[in-house]
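> fold the following, please.
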Amino acid sequence: MTQPKTEDLLKKINYIEADVEIQKQILFSIPSANKEQIEQTISLIAAKKEEVGELRRQLQQYDPEEFERILTLEKAVAEFRKIAAVTPFQAIINRNVHEECALSLMSGEQMDCLLKACDNAGNWTIITLDGEVRQFPAPEVAEKPPEINEP
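Below you'll find the predicted structure:
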């Protein structure tokens, strides 16, 4: 269980990262002729990213184990995004607060996961609770792919 200071740092990081995403949307909506506002928004985004970097350094010093866990999950998400860029998934299911996420294999094993995605051929890609990306061909998976809702 994370300690209060770790939780506070993570909350601050999440808040600032959400603000950065909002600022990026604002940046894209600014008319290209408004150079001053574009520069101000870019400067604000850069400052916020620097602040996130400082908070991450604090987290690394205060709770190196949690920091490494976050890095592992970030790498897994980046790897999943690369796979998703070339694999059309028909369904992506993620773990929610009050819902489990697991993939049932033909071997009888249940693979707990943070996220599972099924492609059009019935092959599955998951991110495990440990931040590992694993792929399973359709014949190894006991559960059926979710039905596709065609219009």
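> residue ranges with poor pLDDT in the chain?
In the predicted model of the chain, residues 1-4, 148-151 satisfy pLDDT under 70.
> counting by contacts, list what the helix ranked longest in it packs against.
Counting residues, the longest helix in the chain under DSSP state H turns out to be helix 35-62. With contacts defined as 3 or more CB pairs under 8 Å, 6 or more residues apart in numbering; DSSP states H and E, helix 35-62 has these neighbours: helix 4-29, helix 64-86. Where C-beta positions appear, they are placed from N, C-alpha and C, glycine not excepted.
> list the buried ones in it?
Buried positions in helix 35-62, judged by neighbour count with 16 or more other CB atoms under 10 Å: 41, 45, 52, 55-56, 58-59.
> could you dump those residues to CSV with distance to residue 27?
Conversion of the buried residues of helix 35-62 to CSV gives the following (distance: CB to CB, whole Å):
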residue, distance to residue 27
41, 5
45, 7
52, 17
55, 22
56, 23
58, 27
59, 27
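> nearest residue to the residue most central in space within the chain other than its sequence neighbours?
For the chain, the residue whose C-alpha lies nearest the mean C-alpha position (CA atoms, centre = their mean) is residue 77; its distance is 4.9 Å. Closest residue to residue 77 apart from its sequence neighbours, by CB to CB, 6 or more residues apart in numbering: residue 127 at 7.2 Å.
> that's a helix at the one you found, yeah?
No: counting by DSSP: H, G, I helix; E, B strand; the rest coil, residue 127 is located in no helix; its state is strand.
> in contact with it, which residues are there?
73, 76-77, 80, 113-115, 133 (CB atoms under 8 Å, 6 or more residues apart in numbering).
> sorry, back to before: of the buried residues of helix 35-62, closest to residue 10?
residue 59 (7.2 Å; CB to CB).
> against residue 43, how distant is the residue in the chain sticking out farthest from the centre?
Distance from the C-alpha centroid of the chain peaks at residue 33, with 34.5 Å (CA atoms, centre = their mean). For residue 33, the distance to residue 43 (CB to CB, to the nearest Å) stands at 18 Å.
> just the terminal-to-terminal distance for stretch 109-127.
Distance between the two ends of stretch 109-127: 16 Å, counting by CA to CA, to the nearest Å.
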